[in-house]
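Peer 1: model the following, please.
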Amino acid sequence: AGDQKTHAEYLRIKGSAYFLRGLYYFFLTNLWGAPYQAATAGSDLAVPVKTDSAIKPGGFTRNTVEEAYEQIISDLKIAAECLQPIEKDNKLYANAAAAELLLARVYLYQCNWTEARTWANKVIEKVSNVTFRMYDLNQASKSTYQKEFRDAGWCEYIFCTGYSHTTMALVNVNFKISDSFYNNYAENDLRKSLWITDRKKNSVTWKAFYYLTTSAAFTPMSFKLPEAYLIEAEAAAMEDDWTSATAALRKIRENRIETGMEDIAYESFTGQELIDFIRAERRRELAFSGHRWFDLRRYAVLPKYPL
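Peer 2: Numbers count the residues shown, from 1 in each chain. Predicted coordinates:
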């Protein structure tokens, strides 16, 4: 029994290390490297990829975007094999679903739609009605949302990294939600009333994102179930599988739009119209979670439906 426990701990540590290295290289590559394009990824430069601890003379040279992505994918696949399923009460540690979701995101950025869907659906298949599921905002009210989110909304989380009260306060004070972004939410969209709040300081009032001021779990590196549905929706639409794309969207919308008040016939959308709607939904659902800039970069170089 002791040997089994030791081996399990070894796999947890190994899997966590590979997951975090894959996560950090993903962010570094997309911050400092060119957006992924299959035709030029072999020559476009990313960041130096260092996989050993040795200190060597001569400094570092930048690896290509293709090499960086290969390393990221390799690390995340090892992590997914080593790590255990998501736990209900402790999502501050890496788990298999987090590695699978990040793999889905990586393949989405590579325009490998089939693999993106495969890995996203590995996450979706883990959904249960109790411990891991979408949280229906129709259950919440403005006055009780904070408590209800921390008790019930936790069910959407897969992995989150910790946070700083100071950082969150600075973000809230310095960033005002623009009118154009605020109006991206319809009046029947419960995210508009529950996720966005009025803030006031020195007689100045502005609209701020609720999570940034009240949710200890929210950080730009938080992994949540809705992203898996959005990846499935986008990748399916890119494969002209309109039915699957709209089914994935419905999983989000039915938990975000006021019951009985859906007024957009998105289930009849196809082509550019559906792609545009998915992108708008992605902007609404993943607001302030570190996706928008990376999305704009990749939309600009897509071989199909470029922005």
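Peer 1: residue 48: what's it in contact with?
Peer 2: Residue 48 makes contacts with 60-63, as judged by CB atoms under 8 Å, 6 or more residues apart in numbering. (Glycine included, C-beta is placed from N, CA and C.)
Peer 1: can you check residue 83 too?
Peer 2: Contacts of residue 83 by CB under 8 Å, 6+ apart are 11-12, 15-16, 19, 94-96, 98-99.
Peer 1: what about 10 Å?
Peer 2: 11-12, 14-16, 18-19, 93-100 (CB atoms under 10 Å, 6 or more residues apart in numbering).
Peer 1: okay, who's weakest in those by pLDDT?
Peer 2: Minimum pLDDT for the contacts of residue 83 is recorded at residue 93 (87).
Peer 1: wait, doesn't that one sit right on residue 17?
Peer 2: No: using CB atoms under 10 Å, residue 93 is not in contact with residue 17; the gap is 11.9 Å.
Peer 1: distance from the chain centre to stretch 275-287, please.
Peer 2: 12 Å (CA atoms, centre = their mean, to the nearest Å).
Peer 1: hmm, I typed the wrong one, I wanted stretch 11-22.
Peer 2: 19 Å.
Peer 1: which residues are in contact with that stretch?
Peer 2: 49-51, 71-84, 93-96, 98-99, 102-103, 106, 159, 161.
Peer 1: give me the buried subset of those.
Peer 2: Among these, those scoring as buried are 49, 71-73, 75-80, 82-83, 94-96, 98-99, 102-103, 106, 159 (criterion: 16 or more other CB atoms under 10 Å).
Peer 1: residues contacting residue 134?
Peer 2: For residue 134, the contact set (CB under 10 Å, 6+ apart) comprises 127, 153, 155-156, 224-226, 229, 251-252, 254-256.
Peer 1: run the last query once more with 6 Å
Peer 2: For residue 134, the contact set (CB atoms under 6 Å, 6 or more residues apart in numbering) comprises residue 255.
Peer 1: checking it next. Helix, strand or coil?
Peer 2: Put simply, residue 134 is coil when judged by DSSP: H, G, I helix; E, B strand; the rest coil.
Peer 1: just residue 197 next, same as before
Peer 2: Classification of residue 197 by three-state DSSP places it in strand.
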